[in-house]
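> Got a sequence here, can you model it:
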Amino acid sequence: MFGSSIGNIFKITTWGESHGKAVGVVVDGCPAGLPLTEEDIQIFLNRRKPGQSPFTTPRSEADQVEILSGIFEGKTTGTPISMTVWNKTARSSDYSEIAGYYRPGHADYTFDEKYGLRD
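Okay, the predicted model is just below:
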């Protein structure tokens, strides 16, 4: 599979890199009038937030979602919904010692297989 999108009627496109300025998603095909807020999404981001166990990175990143488009007054508009999470403390140099290793839970292997390079 090439590209960063999945789906036909309901399409999800991801973008960004873990050490870039931001990561995000565009959700297309969602009907108008459904209730949706940043808080609805944030609940799920908080579950994967770093620093919550001895097996995750200790970095302190807010992982705060920002809805950029597709929502008006807490309801979907029927247009693509674009959301981003800004990487405010990304420091690629922190990972220089493990840069050559595939990291569990990071999709390094699948990214390498899909694009022929490492994130």
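> alpha carbons only for contacts and neighbour counts from here, please
OK.
> And the strands in this structure, which stretches?
Secondary structure of the chain (DSSP state E): strands located at 5-6, 11-16, 22-28, 65-69, 71-72, 75-76, 81-86.
> for the fourth one, what is the average pLDDT?
Mean pLDDT, taken over the full extent of strand 65-69, equals 97.
> buried ones in it?
65-67 (16 or more other Cα atoms under 10 Å).
> Run the chain-centre distance for the top helix by length along the chain.
Using DSSP state H, we find that the single longest helix of the chain is helix 38-47. Its chain's average C-alpha position is 12 Å from that of helix 38-47, according to Cα atoms, centre = their mean, to the nearest Å.
> Render the CA-only coordinates of that helix in PDB, please.
The C-alpha trace of helix 38-47 is given here as PDB (Å, rounded to 0.1, in the frame of the first residue of the first chain):
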ATOM      1  CA  GLU A  38     -11.300  18.600  20.700                       C
ATOM      2  CA  GLU A  39     -12.100  17.100  24.100                       C
ATOM      3  CA  ASP A  40     -13.700  14.100  22.500                       C
ATOM      4  CA  ILE A  41     -10.400  13.400  20.700                       C
ATOM      5  CA  GLN A  42      -8.200  14.400  23.600                       C
ATOM      6  CA  ILE A  43      -9.500  11.500  25.700                       C
ATOM      7  CA  PHE A  44      -7.900   9.000  23.400                       C
ATOM      8  CA  LEU A  45      -4.600  11.000  23.000                       C
ATOM      9  CA  ASN A  46      -4.300  11.100  26.800                       C
ATOM     10  CA  ARG A  47      -4.400   7.300  26.900                       C
END
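> other SSEs contacting that helix?
Counting contacts by 3 or more Cα pairs under 8 Å, 6 or more residues apart in numbering; DSSP states H and E, helix 38-47 packs against strand 65-69.
> Alright, calling it a day.
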